[in-house]
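J.: 3D model of this:
(2 chains)
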Amino acid sequence: MPFRMAIDIGGGFVDLVAIDEQTGQMIWSKTQTTPQDLAEGVKEVFQLSKVDARQVSQLLHGQTLVINAIVQRRGAKVGLITTKGFRDVLAIQRSNRRDIFNLRYKKPRSFVPRHRRLEVDERTLADGKIERDVNEAELLAACERLWREGVDAIAISFINSYVNPTNEKKALAFISRVQKERHPQSRLYLSISSDVTREWKEYERTNTCVLNAYVMPLMEGYLDKLTREFRQLGMTGTLYMMLSSGGVSSFEYVKKRPIETVESGPVAGVVGATVLAELLGEKNIIALDGGSTTTKASLVEGLHVKFTTDYAIERDEYSPGYPVKVPVVDIVEVGNGGGSVAWLDEVGNLRVGPLSAGAIPGPACYGRGGTQPTLTDAYVTVGFLNSEYFLGGAYRLQPSLAEQSLRTIAEHFKIDPVEAAFAIIRIANDNAAQLLRLISVQRGYDPRDFTLIAHGGSGPMFAAFIAEELEIPKVIIPAIPPGNFSAWGLLMSDLKHNVVQTMVTRLDSAGVEELIRRTYKALENEVMRIYRDEGITEGILLQRTADLRYYGQEHTIRVPVTGGDITERDVVQVRSTFEQYHEREYGFRLDSPVELVNLRVTGVVSVGKPRMKRWETTTKSVEEAMREERDVYWGGERRITTPIYRRNLLPPEGQLTGPAIVEEPTSTIVIPESFTASIDAFGHLILRRA
Amino acid sequence: MGFRAESDPFTLSILQNALIYAAEEMFAVTARTAKSPIIYDVLDFSTAITDARGDVIAQATGIPLFIGIFDFTVKGVLAKFGDDFEPGDVVILNDPYISGTHLNDIGLVAPIFYGDRLVAFAASKGHWNDIGGISFGSWGPGRTEIYQEGLQIPPCKVFIQGRPNRDILDILRVNSRIPDQVLGDMEAQVAGLRVAVRRVEKIIAKYGLHTYFAAIERILHTGEQIAKTRMKELPKGHFRAEDFMDEGGPDDQPLPIHVDIEITDDEFKVDFSGNSPQLPFSLNTTYPATVAAVRVVYMALIDPHARYNQGLVAPLKVIAPEGTVFNAQRPAPVSVYWEALTYAADLVWKALAPHAKDRLTAGHFLSVVAEIIAGMHDETGEAFALVEPNPGGWGAGCDMDGESALVSFADGETFAASIEVLETRYPILVERYALNTEDGVGHGQFRGGLGIIKDYRILNSRAELTTDINRARIPPWGMEGGQSGTLNYVLLLSEGRPPFRTRKVAAHKLNRGDIVSIRTGGGGGWGDPLEREPQRVLEDVREELISIEQARHIYGVIINETDLSIDTEATIALRARKRRERKKDLRSSDSEHRDCP
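T.: Presented below is the predicted three-dimensional model:
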């Protein structure tokens, strides 16, 4: 009776989902996150599940260790060794003033101070030719200085190592050797930039390498502890970690490249939505995750989860943050969730978020001393949220406090609190709709071609309104409880490794097929080698993509490339696919040569997808699922007596017509007038615009 | 109770956001489709939506200078065409006396109709890398009239009802040295305009014309309200600042410049009267560009994070008599306008820095330090041109050290080139890209930020360098006893010749192996260096930004070389002695100290 199990650490909770691979039965457990020692929470949630450790064939894990360590500056003491002349790459950065009207602007501070950034004489040219070998005497001197500084880790990043990593590898070997000779007792973590990414741009790559080194010691300690504890419990199954790219990988791989797990948490929801889409025969989806402080969205076309390497930690409207060039699922985020505070700006405009009331004091209606109106208070006031059934009735909300919190806003606009509440909901919905516009319309996709899959505590509440705004025809609310959906997604994740090589070449240059063929071969060998190190040699599916642009442009577009030996015809095909994508995204083609920038290979090993259980209820009709009728304010003059249903009583094949509200313990599904809803055989709720 | 559904404040608010998104989407589309790094990487362009009168409703901006440009641009177009527009038209112009900046900046303006009613304009302005003139890149020193700076384009329809106007395109094509690139950039700009036109049409179709007009009225009104509120917090009274531009005075001496400012409860008047007549070289700016520069400092004071619209700048009045260096008239050359313009802004900055410490710093390296390295690539036979701004040191604040290696005032979300990208694209080897610890900074209780040193070795048989750098003679100003910053310059190193230090060259010949070493200055300091916390001085020594000798000499801090520790007693004694000596020397104490807010 082997189980596959997923344990996902989030900001507030640790979620566990396990599936019995024979019966399809699912087991859930949940506990609070233990920020001091994450492993404790993991152990606890495992014990709560009551699953026998010996019965677990695979454990998949998602964590927030890396992002927290970076954001809270709790990582290792890192030294950096770089090419002579380039010690200040981390300080100079890209020199942009992102906050352009702020004349007291400060850049993000480098993670390695100048006295631990050291240079050695060596040089590789832009075409990969080694102009000067690594000067070992200087390298030794640098090590001695860093030993004296007492660093835990050394990052090595040389100019142009993306095209030829030889010098970095030599430096790595040299330092490992002298470390063993001189300080055999102490552990020194080493990371070279070409190992972390083979993309160009020295600042971005160096920063990625430094952040990798910064979290290596922590990650190794954490994974070793987890492994020890699970093994002590008798678990013999394999242990996997979620990567930001949406795949999973062995603990051993992650110890060397912990930075690849920087967004390990949120991506599982996107993977889950994609798997669900496949089960339901959907091709193009937008995954929408509505949480208590933020809303996240990702667009998935043709069931291919897109990743980007244009990712940065702590980037916002006014700060460039820290670039991290590892594949991260393309997710965008806005500070807009159930706990978001509604406020009046200095000229009296109504705004919602990004400030959140958090868990303490929380929304006013929680009765924990919060007085600022939040989106949750607005939901309670208009009647979307049932004050008696919050978290399945575990917690009673206080509508009078919600209404009271709305007074200032209501008085300002000389309207009723309930109208103020609806206005808050509209503004919040507009924030979320803008997020979806950003990932669809702004990138050339028509939202009408997509299905929205909404999860998270607040996602199902506003999904229909956004669908209406963007003319999205269909919304799916999964049967998996929205609060555990990410853990479920983790369970559905395939093993995945991505490798990349920057190789700037025009497609019309002589011998380009041969060059592409050779590079793909090398990349594929690299992926196979990584899997071999993890003990996997079979079932590896290799996917090629290439980043291209018109000659002279900067920004690239990623297109799929066929497998096998690349011929002249394949190159023609690549070009025409590129032009098609370019036209979609930007609306025109150019009469210019096309240039190759990066070749990428992704190796995927599919995990078995468990069957979904059929939805079973004792009820036969939707009428039996109706619990009450409630006065709900739907805006304007529309105050409507609205039927309220219990989700677990809605029978398969049942049909609902808006306005209606469906309640379940962790979430509320709002069905506006212009929608109908049906329950499918697996219990998913499908909303359609009338 | 209740509102008319279509014009309640929440609908208007949502519509207002929709217009801002439209301007941003226009920006994103242009950035991603442009052919030149100066657009897609440096983001030397901007997009906006104006109302039918040409007042800016929403704007997306890569560099701050374009903030004040679109009202002049669209109003210039309206002045010529009146109501002679059709859907699908696009007007092109670059006349700097109408639309500000220089001939390289091409304005494109598309009318937006709803039905047959003109309701708005979409506008885009971007830097084209070459628009003719006496040398590649069009801008540079040595021009005496605008006729040498490239093709002048008065407002002309480059698209008529959606169809390209071949005559205009042909003129553009033969007047640029890189026609494919610049016309590609035009495509990108026009693609952006088209997106904005569609978006605005859709917005009106959804909300109705009445609501749309109510919303744009409200946008401008809200802007005015924000400005009014913030004006209350500004210091009131008369303020004056004087400085020097690097050249323009008699006998190649620096040129004195000044500004008078008067701030009342509802007016912010900036008066450049009495400044020099326009110069016979490119260090002039036209009125719209001067206004733009002042608007940036004004925005920094009012609210750096306010969404820009015309209402925000309603209290601002800029006076600059025609024919002067800050309001140049045809045929004055203006191709290096950004340097003159930054001097104008810097004057306002300098006048108000003592009174708005929470918003302004001491003087920064000021110059864009732009250079062009161009030639014919030996291997590909194609023309190449590296055109880029360089980062430098910013001034200290009343409570913080200045930032190092940051693009100048005239640039914003502007990226310094990546070395690895640059080496792939140009026959250049970068031998060093480092903080400029050689020339140092303006020292102070808080010190200025550091500039950079960038050494380019030329790998091509021949190439040429054009540059026009300021603050190369008169350094950035310090505040409240902080020292002046350091100078910007270029050092040319050629085998067998002594190093050649320069600030201005046009098409200077370079040979294989030559090194162009670009050095930018450090920012001005704030407060007396003897007041700097010894711990901060030690930190700068540890970081190898200053030497132990400098710590002693400038800051009066004694640091033991062996263990990098501060000798506290010796430091106290030395500082006391230095203060005494200084008093004796100057016979006056102007170290009057004011607190930070």
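J.: show me the shaky parts of chain B.
T.: By pLDDT under 70, the low-scoring segments of chain B are B:1-7, B:37, B:41-42, B:586-597.
J.: nearest to the spatial middle of it, which residue is it?
T.: Averaging the C-alpha coordinates of chain B gives a centre point, and the residue nearest to it by CA atoms, centre = their mean is B:A410 (0.8 Å).
J.: once you drop chain neighbours, what's closest to that one?
T.: Take B:A410 and drop its neighbours on the chain: the residue closest to it by CB to CB, 6 or more residues apart in numbering or on different chains is B:W338, 4.4 Å away. (Each C-beta comes from the backbone N, C-alpha and C, glycine too.)
J.: and if you look at A:V622?
T.: A:G654 (4.3 Å).
J.: tell me the contacts of that neighbour?
T.: For A:G654, the contacting residues are A:S621, A:V622, A:A625, A:S678, A:I679, taking CB atoms under 8 Å, 6 or more residues apart in numbering or on different chains as the criterion.
J.: show me what whichever strand or helix holds the residue nearest to B:A410 is packed up against.
T.: When elements are assigned from DSSP states H and E, B:W338 belongs to helix B:337-352. Taking 3 or more CB pairs under 8 Å, 6 or more residues apart in numbering or on different chains; DSSP states H and E as the contact definition, the neighbouring helices and strands of helix B:337-352 are strand B:237-245, strand B:255-263, helix B:287-302.
J.: can you pull the buried residues of the very next helix or strand once past the longest one?
T.: Right, the one you point to is helix B:287-302. Scanning forward in sequence from helix B:287-302 by DSSP H and E, the next helix or strand is strand B:316-319. Using 16 or more other CB atoms under 10 Å in any protein chain shown as the burial criterion, the residues of strand B:316-319 that qualify are B:L316, B:V318.
J.: is strand B:316-319 anywhere near chain A?
T.: No - Strand B:316-319 lies apart from chain A when judged by CB under 8 Å from any CB of the partner chain; the minimum separation is 13.9 Å.
J.: please name every helix or strand in contact with that strand.
T.: Taking 3+ CB pairs under 8 Å, 6+ apart as the contact definition, the neighbouring helices and strands of strand B:316-319 are strand B:268-271, helix B:287-302.
J.: against A:E122, how distant is the residue of chain A most remote from its centre?
T.: Most distant from the centre of chain A: A:A137, at 43.3 Å, with distances by CA atoms, centre = their mean. Separation of A:A137 from A:E122 (CB to CB, to the nearest Å) stands at 12 Å.
J.: so which of the contacts of A:G654 are in strands?
T.: Applying DSSP state E to the contacts of A:G654, the entries found in strands are A:S678, A:I679.
J.: B:I373: what's its closest spatial neighbour, skipping adjacent residues?
T.: If the residues on either side of it in the chain are set aside, B:I373 comes closest to B:L386, at 4.5 Å by CB to CB, 6+ apart.
J.: what is the burial count for residue 112?
T.: As the question left the chain open, I've gone with chain A. Under the neighbour criterion other CB atoms under 10 Å in any protein chain shown, A:V112 is assigned a count of 23.
J.: wait, chain B
T.: Burial of B:I112, expressed as a neighbour count using other CB under 10 Å, amounts to 24.
J.: isn't B:A215 right up against B:L19?
T.: Yes - counting by CB atoms under 8 Å, B:L19 is a contact partner of B:A215 at 7.4 Å.
J.: can you name the next helix or strand after the helix holding B:W338?
T.: Heading C-terminal from helix B:337-352, the first helix or strand you meet, by DSSP H and E, is strand B:371-376.
J.: by contact count, what packs against that following strand?
T.: Under the contact criterion of 3+ CB pairs under 8 Å, 6+ apart, the helices and strands touching strand B:371-376 comprise strand B:383-388, strand B:462-468, strand B:515-519.
J.: pull out the buried residues from that strand.
T.: Residues of strand B:371-376 classed as buried by neighbour count (16+ other CB under 10 Å): B:E371, B:I372, B:I373, B:A374, B:G375.
J.: bridging across strands, which residues link to the first one?
T.: So that's B:E371. When assigned by DSSP bridges, B:E371 has beta-bridge partners B:E388, B:T467.
J.: so it touches B:V490, yeah?
T.: Yes - with the criterion set as CB under 8 Å, B:E371 and B:V490 qualify as a contacting pair; they are 7.2 Å apart.
J.: point out the residues in the stretch 351-500 of chain A that sit beside chain B.
T.: For the stretch 351-500 of chain A, the residues in contact with chain B (CB under 8 Å from any CB) are A:F413, A:I415, A:D416, A:E419, A:A423, A:R426, A:I427, A:D430, A:Q434, A:R437, A:V441, A:Q442.
J.: chain B: helices as residue ranges?
T.: When secondary structure is read from DSSP state H, chain B shows helices at B:9-33, B:37-40, B:70-81, B:96-99, B:166-175, B:179-207, B:209-231, B:287-302, B:337-352, B:419-425, B:534-542, B:548-555, B:568-586.
J.: want to throw these into TSV with mean neighbour count?
T.: Converted to TSV, these look like this (neighbours: other CB atoms under 10 Å in any protein chain shown):
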stretch	mean neighbour count
helix B:9-33	22
helix B:37-40	25
helix B:70-81	22
helix B:96-99	24
helix B:166-175	14
helix B:179-207	21
helix B:209-231	19
helix B:287-302	26
helix B:337-352	26
helix B:419-425	20
helix B:534-542	18
helix B:548-555	19
helix B:568-586	13
